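Trainee: Here you go, sequence then predicted model.
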Amino acid sequence: MRQSKKPRVIIVGAGFSGIFAARELAGGPCDVLIIDRNNAHTFLPLLYQVATAAVESEHIAAPVRGVIRAMGRKAANLDFLMAEVRSVDFAQRELLAEGQDGEELRLPYDYLLLAPGSVTNTFGVPGADEHAFSLKNLEEAVRLRNHILRSFEAAAWTADADARLNRLCFVVVGGGPTGVELAGAMAELMTGALKRDFPRLGLNRPCVSLLEAGDGLLPGFPQNLRDYARTKLTAMGVDVRLGAQVSRVGAQGAELKDGGVIHAATVVWTAGVKGEPLAVRLGLPQAPNGQLLARPTLQSLEHEAVFLAGDICRAEHEGRPLPMFAPPAIQEGRHAAQNILRLLRGEQPRPFKYFDKGMMATIGKRAAVARMGGLTLKGLPAWLLWLAVHLAYLIGFRNRLFVLANWAVDYFLSERVVRLISRRNPLE
Ligand SMILES: Cc1cc2nc3c(=O)[nH]c(=O)nc-3n(C[C@H](O)[C@H](O)[C@H](O)COP(=O)(O)OP(=O)(O)OC[C@H]3O[C@@H](n4cnc5c(N)ncnc54)[C@H](O)[C@@H]3O)c2cc1C
């Protein structure tokens with residue numbers, strides 16, 4: 001129930017942008033309402049570890065109310081609403097959402113920060129939406145984990161050799177960081193814990209294909225790191241195919257534009273993202289990939305009181321659109337919040353400047369790549385850096401502790417701790 005007369009800022013999305021914006025606004029001269037369809041913030045960069053049975057889904061998510069509480073007394077001006085945002089009445093400055101009982105909520109705002117993230121983009125490839133697995137939220141990660149484990153259980157009792165092999169083969173589409181990390185983790189799962197769990201399957205090599213339409217893995221990374229990632233994955237037994245454009249996905253595998261077919265019961269699509277569909281419903285100017293166009297100050301082109309941040313926002317750095325990654329999302333969230341505070345003080349909003357801290361991706365145990373400024377790292381040093389950075393940004397002390405414990409078990413024993421097929425997933 002709203003009683004205060006302070007200006008109200010509504011933040012749509014409790015992802016990286018939304019949470020970092022809220023931290024900035026805590027203690028400010030405004031009431032802040034964070035809205036999300038889920039009651040938790042999810043650390044998406046570790047979704048692939050949930051999918052490959054390395055960490056529990058609960059350990060990479062933190063309840064939004066807990067995140068607010070952890071900010072201390074200065075967060076007394078923050079509140080949370082679990083609801084699905086449907087649209088915005090920009091003329092009336094009202095946000096329309098659906099509450100937990102399906103009721104329609106009309107929520108007035110003085111400033112609005114839109115940070116609803118992105119969804120998988122299958123670019124209209126036939127069969128991809130129906131047959132390929134996607135990895136954009138916790139439910140999808142658990143669904144993929146269940147599917148992988150079920151495929152092994154089924155393969156163990158499949159007499160026909162071809163059908164058995166089909167169940168044990170996996171295709172990952174997209175050679176960006178998510179595809180590389182998932183393919184590496186799948187290979188380690190198959191030659192580690194699952195090889196020991198299913199001795200009669202005689203798994204000597206993983207059957208994982210990584211398909212990338214371009215001429216190399218990890219676009220945007222320095223060439224030596226891209227080459228290292230390919231060499232390392234190949235050494236781990238992953239069948240890396242470059243220039244491999246998928247033309248169709250079916251229940252039994254993927255077809256390539258050059259006529260090739262890869263037989264596999266599991267195809268995972270990591271080849272693209274586009275702005276969250278809410279963006280289309282808002283009717284604001286959009287880029288072709290569904291992102292919303294923003295002014296340099298991160299305000300929407302058409303409405304001064306509306307700010308954009310994260311994957312949904314088309315912001316630029318050195319004349320090129322920023323990638324849909326966590327560091328831009330965090331910095332944009334913070335900057336948009338600071339600009340809202342400036343406007344509340346009667347000052348002018350400032351243009352956003354991205355500070356490029358670099359990029360990193362892990363490939364497998366003791367193998368990662370990282371670029372920090374002009375410095376490139378690979379192998380063990382990059383892997384240790386990757387571990388440290390991911391633990392630091394994972395929200396919640398308890399989550400960090402559990403994830404670290406699971407990583408230690410995996411590292412020392414090659415054991416994946418979460419090999420349960422859960423029956424509670426709403427997607428199945
Ligand atoms: C599998 C995977 C691996 C990744 N790995 C990396 C990595 O290694 N490094 C890296 O930098 N980046 C990585 N990313 C990208 C990074 O996670 C995103 O760029 C970042 O999460 C974007 O932050 P955001 O705040 O814009 O959106 P999100 O973090 O996606 O948050 C958006 C929030 O909005 C909510 N929401 C959306 N629509 C509505 C609605 N209509 N109503 C209510 N709530 C809504 C969602 O529930 C969600 O909580 C990865 C992403 C994925 C999916």
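Mentor: Ah, there it is. The structure presented is a predicted model; accordingly, all values stated were derived computationally and were not measured.
Trainee: remind me which residues of the stretch 1-150 of the chain are low pLDDT?
Mentor: Filtered on pLDDT under 70, the stretch 1-150 of the chain yields the residue ranges 1-3.
Trainee: ok, how many other residues are close to the residue of the stretch 201-350 of the chain found nearest the ligand?
Mentor: Scanning the stretch 201-350 of the chain for proximity to the ligand using C-beta to the nearest ligand atom identifies G310 as nearest, at 2.1 Å. Backbone N, C-alpha and C define where each C-beta goes, glycine included. By other C-beta atoms under 10 Å, 32 other residues sit near G310.
Trainee: all helices of the stretch 151-300 of the chain, in order?
Mentor: Per DSSP state H, counting those that start in this stretch, the stretch 151-300 of the chain carries helices over the ranges 161-167, 177-191, 193-197, 223-235, 278-282.
Trainee: With mean neighbour count, mean pLDDT and distance to P321 added, can I get these in JSON lines?
Mentor: Formatted as JSON lines, those follow (neighbours: other C-beta atoms under 10 Å; pLDDT from 0 to 100; distance: least, C-beta to C-beta, whole Å):
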{"stretch": "helix 161-167", "mean neighbour count": "15", "mean pLDDT": "94", "distance to P321": "39"}
{"stretch": "helix 177-191", "mean neighbour count": "25", "mean pLDDT": "96", "distance to P321": "17"}
{"stretch": "helix 193-197", "mean neighbour count": "17", "mean pLDDT": "92", "distance to P321": "39"}
{"stretch": "helix 223-235", "mean neighbour count": "18", "mean pLDDT": "97", "distance to P321": "20"}
{"stretch": "helix 278-282", "mean neighbour count": "18", "mean pLDDT": "93", "distance to P321": "15"}
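Trainee: Of all residues in the stretch 101-250 of the chain, which one is closest to the ligand?
Mentor: G117 (2.6 Å).
Trainee: er, the stretch 1-150 of the chain I mean
Mentor: Taking C-beta to the nearest ligand atom, the stretch 1-150 of the chain has G15 as its residue nearest the ligand, at 1.8 Å.
Trainee: residues contacting the closest residue to A279 other than its chain neighbours?
Mentor: Take A279 and drop its neighbours on the chain: the residue closest to it by C-beta to C-beta, 6 or more residues apart in numbering is L292, 5.3 Å away. Neighbour list for L292: 114, 275, 279, 282, 284-286, 300, 308, 312-314 [criterion: C-beta atoms under 8 Å, 6 or more residues apart in numbering].
Trainee: now swap in L201 and tell me
Mentor: Shown in contact with L201 (C-beta under 8 Å, 6+ apart): 152, 155-156, 164, 168, 195.
Trainee: right, and the residue of the stretch 101-250 of the chain closest to the ligand touches I312 too?
Mentor: Yes - with contact defined as C-beta atoms under 8 Å, G117 reaches I312; the gap is 6.4 Å.
Trainee: who has more neighbours, those two?
Mentor: I312 (30 against 25).
Trainee: right, and the more buried one touches Q291 too?
Mentor: Yes - with contact defined as C-beta under 8 Å, I312 counts as touching Q291 (6.0 Å).
Trainee: Mutual contacts of those two, please.
Mentor: Residues touching both I312 and Q291 by C-beta under 8 Å, 6+ apart: 275, 279.
Trainee: care to break the chain down by domain?
Mentor: By the assignment in automatic domain parsing, the chain contains the domains 8-37+83-120+274-344, 128-271+358-413.
Trainee: most tightly surrounded among those?
Mentor: Ranked by mean neighbour count, the domains of the chain are led by domain 8-37+83-120+274-344 with a mean of 20 (mean count of other C-beta atoms under 10 Å).
Trainee: Would you mind listing what in the protein touches the ligand?
Mentor: Contacts of the chain with the ligand, taken as C-beta under 6 Å from any ligand atom, map to 13-18, 35-38, 44-45, 47-48, 84-85, 115-117, 135-136, 177-178, 276, 278, 310-311, 324-327, 329.
Trainee: Filter those residues down to just the ones in helices.
Mentor: 16-18, 47-48, 177-178, 278, 326-327, 329 (DSSP state H).
Trainee: and R350, how many residues sit next to it?
Mentor: Using other C-beta under 10 Å, R350 has 13 neighbouring residues.
Trainee: I'd assumed L298 was in contact with it.
Mentor: No - taking contacts as C-beta under 8 Å, R350 lies outside contact range of L298: 9.7 Å.
Trainee: Could you pull out the residues contacting both of these two?
Mentor: With C-beta under 8 Å, 6+ apart, R350 and L298 have common neighbours 335, 339.
Trainee: tell me the SS of E130?
Mentor: helix (DSSP: H, G, I helix; E, B strand; the rest coil).
Trainee: Spatially, which residue comes closest to it, not counting chain neighbours?
Mentor: Spatially, and ignoring its direct neighbours in sequence, E130 is nearest to V249 (7.8 Å; C-beta to C-beta, 6+ apart).
Trainee: which residues does that neighbour contact?
Mentor: 125-128, 130-132, 173, 255, 267, 269.
Trainee: thinking again about what came up before, what two of the contacts of L201 have the greatest distance between them?
Mentor: Spatial extent of these (C-beta to C-beta) is set by the pair R164 and K195 at 14.9 Å.
Trainee: re the thing from before, and the two most separated of the contacts of L292?
Mentor: The widest separation within the contacts of L292 (C-beta to C-beta) is 13.9 Å, between L282 and R314.
Trainee: Could you give the bridge partners of the residue lying closest to P277 once chain neighbours are set aside?
Mentor: Nearest residue to P277, sequence neighbours excluded (C-beta to C-beta, 6+ apart): V119, at 6.5 Å. Taking DSSP bridges as the rule, V119 bridges to K274.
Trainee: wouldn't V119 be in contact with W269 here?
Mentor: No - using C-beta under 8 Å, V119 makes no contact with W269, being 11.4 Å away.
Trainee: where do the strands sit along the stretch 201-350 of the chain?
Mentor: Listed in chain order, the strands of the stretch 201-350 of the chain (DSSP state E, counting those that start in this stretch) span 208-212, 239-242, 246-250, 253-256, 261-263, 266-269, 273-275, 292-293, 306-308, 313-314, 316-317, 320-321.
Trainee: now the ones you listed as TSV including mean pLDDT?
Mentor: Converted to TSV, these look like this (pLDDT from 0 to 100):
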stretch	mean pLDDT
strand 208-212	98
strand 239-242	97
strand 246-250	97
strand 253-256	96
strand 261-263	95
strand 266-269	97
strand 273-275	95
strand 292-293	96
strand 306-308	98
strand 313-314	98
strand 316-317	88
strand 320-321	92
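Trainee: any chance of the ones you listed in a markdown table, plus distance to L107?
Mentor: Converted to a markdown table, the strands of the stretch 201-350 of the chain look like this (distance: least, C-beta to C-beta, whole Å):
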| stretch | distance to L107 |
| --- | --- |
| strand 208-212 | 43 |
| strand 239-242 | 48 |
| strand 246-250 | 40 |
| strand 253-256 | 44 |
| strand 261-263 | 48 |
| strand 266-269 | 35 |
| strand 273-275 | 22 |
| strand 292-293 | 20 |
| strand 306-308 | 14 |
| strand 313-314 | 21 |
| strand 316-317 | 31 |
| strand 320-321 | 31 |
